[in-house]
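Q: Give the three-dimensional model of this entry:
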Amino acid sequence: MTQELIDLRKSILEGRYSEALAIVDELEGMSKQAILRNIQSYLKILLIHLIKNQVEQRLTNSWANSIRNSVREIKKLNLQDNKTFYYVKIDEWEEMVDDEFEEAIREASEEVLNGTYSPFQLAEMVDRSLVISHSQSLLALTYDYSLKQLPAAIDDYLAQLSGGEDWKAGRR
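A: Next up, the predicted model:
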């Protein structure tokens, strides 16, 4: 990016405005890609914990915190600087979630029941459509609630997952 900024400055100083605008477009694209990579990283964490929840049929404070943090960070990253537009629109999540699912299975296989299952075994055990549905429901909350309201909405949703009632009541 440093070279692009040097080229931009040079283009402006030399009056080559069409080249400068092309560099600005390139920088915008690079910025958007970086934001989308960060969103994908949090999305994978979200999926890992939803997979663990489904297989182990429980919810821990740690998992709830990871899910809550992932959804909140996705909201912060997804909302563009103008605070009115999103990088990922609500109807665009399915493909992104689907793309991250396989990697989430691989990483979750290390954590589910202390690594008891291989990624192949875990993939067979998990109801993919249910995990994707839960993730999309949680992501949808980011469009409906402010950052301040979002944690409570996420907790309400988590209480409905397997083991969620026990988690809410503090039972283990």
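
Q: can we go C-alpha only for contacts and neighbour counts from here?
A: Noted.

Q: list the contacts for the residue nearest to Phe85 when sequence neighbours are not counted?
A: The shortest distance from Phe85 to any residue other than its chain neighbours is 6.1 Å, reached at Leu79 (CA to CA, 6 or more residues apart in numbering). For Leu79, the contacting residues are 85-87, by CA atoms under 8 Å, 6 or more residues apart in numbering.

Q: Restricted to buried residues, select those residues in ChimeraX.
A: ChimeraX command restricting the contacts of Leu79 to the buried ones, with burial defined by 16 or more other CA atoms under 10 Å:
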select :86
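
Q: and Ser124, how many neighbours?
A: That one is not Ser; residue 124 is Glu. The number of residues packed around Glu124, counting by other CA atoms under 10 Å, is 10.

Q: How much space separates it from Ile105?
A: Counting by CA to CA, to the nearest Å, the gap from Glu124 to Ile105 is 10 Å.

Q: where do the contact lists of these two overlap?
A: Taking CA under 8 Å, 6+ apart as the contact definition, Glu124 and Ile105 share no neighbouring residue.

Q: the helices in this protein, which residues?
A: 2-13, 17-56, 61-78, 93-111, 119-125, 128-144, 150-158, 164-169 (DSSP state H).
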